[in-house]
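Colleague: The sequence and its predicted three-dimensional model are supplied below.
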Amino acid sequence: MLGIATLAPSLTRSVFGYDVKDPGVLLVLSGIFLGYGVVAWGIASDVEKHGGLALFRVIALVIGSVFLIWGWASNLFTVRNALVPLIINIVLVVWIWSTRPKAVA
């Protein structure tokens, strides 16, 4: 969702209320979000083979969440900008962690 919302300055302005000053940086950010989504899709498509990567997906989401909280605490982001992505990250962390393959004893 973030990859699409950051695809164009007008979309970013309507979703987050930011006036984009550098569309190039926004385009790179969108590409990273969409590329990360493709990796997640690949992992989810073959859990038997790639399910062990769940821990690393969770770590990546936690890192992103820490940066969101840091930006929010530093007044770089408003509630509108930080809270929705933070909630999405938390939901994904809980979901991925609860569905990860468990070691067979």
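Modeller: On my side now, so go ahead. Residues are numbered from 1 along each chain as shown.
Colleague: so how far is residue 74 from residue 37?
Modeller: Distance, residue 37 to residue 74, by C-beta to C-beta, to the nearest Å: 27 Å. Backbone N, C-alpha and C define where each C-beta goes, glycine included.
Colleague: tell me the average confidence for the helix or strand hosting residue 90?
Modeller: Assigned by DSSP states H and E, residue 90 falls within helix 79-99. Mean per-residue pLDDT for helix 79-99: 84.
Colleague: Could you list every helix and strand in contact with that helix?
Modeller: Contacts defined by 3 or more C-beta pairs under 8 Å, 6 or more residues apart in numbering; DSSP states H and E place helix 79-99 against helix 54-73.
Colleague: what's in contact with the helix it packs on?
Modeller: Residues from elsewhere that reach helix 54-73 (C-beta atoms under 8 Å, 6 or more residues apart in numbering): 36, 40, 43, 77-79, 81-83, 85-86, 89-90, 92-93, 96-97, 99-101.
Colleague: domain ranges for this structure?
Modeller: Domains of the chain are assigned by automatic domain parsing as 1-45, 47-105.
Colleague: Now tabulate those in JSON lines and tack on mean neighbour count.
Modeller: Output for the domains of the chain, formatted as JSON lines (neighbours: other C-beta atoms under 10 Å):
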{"stretch": "domain 1-45", "mean neighbour count": "14"}
{"stretch": "domain 47-105", "mean neighbour count": "13"}
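Colleague: what's near enough to touch residue 36?
Modeller: Here residue 36 is in contact with 3, 60 (C-beta under 8 Å, 6+ apart).
Colleague: roughly how far apart are it and residue 47?
Modeller: Distance of residue 36 to residue 47, computed by C-beta to C-beta: 18 Å.
Colleague: do residue 69 as well
Modeller: Separation of residue 69 from residue 47 (C-beta to C-beta): 30 Å.
Colleague: I am finished for the moment; much appreciated.
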